[in-house]
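Colleague: could you work out the structure for the sequence below:
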Amino acid sequence: MENGIDFVYEYSDLNDLKTRVEVLTGKYAGLIFEYGGSILAQWENKNTFTFEYTLYEVPNEFDGPSLRKDPEFNEFIAYLLVDVINTRNNDIEEKKKSDEAASPLGFRNSKIKIDPKFYSKQATVI
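Modeller: Below you'll find the model as predicted:
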């Protein structure tokens with residue numbers, strides 16, 4: 001998957017050190033989620049990739065809790081996260097984006113919008 005075509009990402013304007021991702025194409029187009037920490041490990045000669053994520057917007061034909069249990073979705077989101085991480089690692093503007101996200105501008109300049117109900121009243125006043 002390619003940044004700017006299949007997905008877009010930015011640092012979260014809601015949660016420090018998390019990345020928000022919007023899926024633009026395919027079966028899950030319209031999905032918006034944030035992920036935080038991720039771990040790639042090897043256990044008993046098996047590679048494992050573990051990560052945390054929060055679903056904020058789910059396409060109408062899906063149910064968030066059901067998606068989390070769907071092996072096809074879990075594989076999709078894992079490969080997508082790898083693509084996002086690779087894109088971030090190759091982005092020469094990454095430090096600048098991180099600094100902006102951590103500033104008050106990060107909230108105002110967010111491009112991937114989620115429902116205002118997820119923000120505290122204090123945060124929306126900025």
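
Colleague: in this model N86 seems to touch Y9, though I could be wrong.
Modeller: No: counting by Cβ atoms under 8 Å, Y9 does not reach N86; the two are 11.3 Å apart. C-beta: built from backbone N, CA, C; applies to glycine.

Colleague: looking at these two, which one has more neighbours?
Modeller: Legend: neighbour count by other Cβ atoms under 10 Å for Y9 and N86, higher for Y9 (24 against 11).

Colleague: can I get the helix or strand the more buried one falls within in PDB, CA atoms only?
Modeller: Using DSSP states H and E, Y9 sits within strand 7-11. Output in PDB follows, covering the C-alpha atoms of strand 7-11 (Å, rounded to 0.1, in the frame of the first residue of the first chain):
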ATOM      1  CA  PHE A   7      -3.700   5.500   3.000                       C
ATOM      2  CA  VAL A   8      -2.600   8.800   4.700                       C
ATOM      3  CA  TYR A   9      -1.200   9.100   8.100                       C
ATOM      4  CA  GLU A  10      -0.300  11.800  10.600                       C
ATOM      5  CA  TYR A  11       0.600  12.100  14.200                       C
END
